[in-house]
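> sequence and predicted model, in that order:
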Amino acid sequence: MYFTEVTGIELVVLHDMKYLKTLSMLCSFFIALLAHFVIKKPGRILLLVRSKTIWFISSMTAYFIGISGTIYCIIRNPPAWFDGNGNDLLTIFTSMGREQWKYEGLVTAFFQFMFALLVYLMMSVTRRKMNPILSTLSVCLCLTGIMYCSREFMALYELKTPWYSLQEVVPKTALNLISRGNVKKRSGIAARLLRMSEIWLFEYTGKEAFVKKFKVIVIDFLLRSFGIKKFGK
């Protein structure tokens, strides 16, 4: 090695550097391409600096790198996944709160990236003049994606921080607003919906149990309010 011959210091390569070399070559290529693009007309650099598209892409790239734990993976070099379960399934999420695997960071970053992108797209759609049906459909699709990503965030939060409960991280003022306790027979629809939100956030044990409680607390109340008898009675 040239460095060792000149300095007499022996360097031991602990990690494969081919990915870093490839990344360095790509960065050098794009820097050279940018220089070629602006060298004849320096004013073009101002157009690039003022470009909203360039800033959006740069911001989203930095955001993706930050939330994916890329720096952590570079420093700690964790495994890509865990395959020690003795089956054909790969585990990409570790339950340890202070550790992560490479694919875990990428998947988490993808969901958060999609969440941010869907919020941006939804805001963009509402600001443009377009067909009302198409606009409503686009907003509904964006909201569906946002809700799905939020659901995955909650599942990952429970996996990574099993020692925390949601009550411990929600401000007491907000907690008191939705903490209704058991509803009474004379309780209105607002109190019943707040009770269902409390069950969803703090007492959720499964879809079947939640649907059953929703039927008892909300559906049966609405049927009684409108004078509709239950089927079979």
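Good, I have the coordinates.
> next, the buried residues of the longest helix seen in the chain.
What stands out as the longest helix in the chain, according to DSSP state H, is helix 132-160. For helix 132-160, the buried set under the neighbour-count rule, 16 or more other Cβ atoms under 10 Å, comprises 138, 142, 145-146, 149, 152, 160. (Each C-beta comes from the backbone N, C-alpha and C, glycine too.)
> quick one: least confident of those residues?
Lowest in pLDDT among the buried residues of helix 132-160 is residue 160, which has 76.
> what separation is there between that residue and residue 8?
Distance from residue 160 to residue 8, counting by Cβ to Cβ, to the nearest Å: 47 Å.
> for the closest residue to residue 102 other than its chain neighbours, list the residues it contacts.
Nearest in space to residue 102, with sequence neighbours left out and distances taken as Cβ to Cβ, 6 or more residues apart in numbering, is residue 80 at 4.5 Å. The contact partners of residue 80, by Cβ atoms under 8 Å, 6 or more residues apart in numbering, come to 101-103.
> which SS state does residue 80 fall under?
Going by DSSP: H, G, I helix; E, B strand; the rest coil, the secondary structure assigned to residue 80 is coil.
> now stretch 202-220: how far from the chain's centre is it?
26 Å (Cα atoms, centre = their mean, to the nearest Å).
> buried residues in it?
Within stretch 202-220, judged by 16+ other Cβ under 10 Å, the buried ones are 213-214, 217-218.
> which residues in the chain form helices?
Secondary structure of the chain (DSSP H): helices at 2-7, 18-38, 44-49, 52-67, 70-76, 102-127, 132-160, 166-169, 172-178, 189-202, 207-214, 220-225.
> gap between stretch 20-37 and the chain center?
On the basis of Cα atoms, centre = their mean, the separation between the geometric centre of stretch 20-37 and that of its chain is 30 Å.
> just the CA trace of it, in CSV.
Taking C-alpha atoms only, stretch 20-37 is exported to CSV below (Å, rounded to 0.1, in the frame of the first residue of the first chain):
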residue,chain,number,x,y,z
LEU,A,20,-17.8,3.9,-0.5
LYS,A,21,-15.7,4.0,-3.6
THR,A,22,-18.8,3.7,-5.8
LEU,A,23,-20.5,6.5,-3.9
SER,A,24,-17.4,8.7,-4.2
MET,A,25,-17.3,8.1,-7.9
LEU,A,26,-20.9,9.0,-8.3
CYS,A,27,-20.5,12.2,-6.3
SER,A,28,-17.5,13.2,-8.3
PHE,A,29,-19.3,12.6,-11.5
PHE,A,30,-22.3,14.8,-10.5
ILE,A,31,-20.0,17.5,-9.2
ALA,A,32,-18.1,17.5,-12.6
LEU,A,33,-21.4,17.5,-14.5
LEU,A,34,-22.6,20.5,-12.5
ALA,A,35,-19.3,22.3,-13.1
HIS,A,36,-19.6,21.7,-16.8
PHE,A,37,-23.2,22.9,-16.7
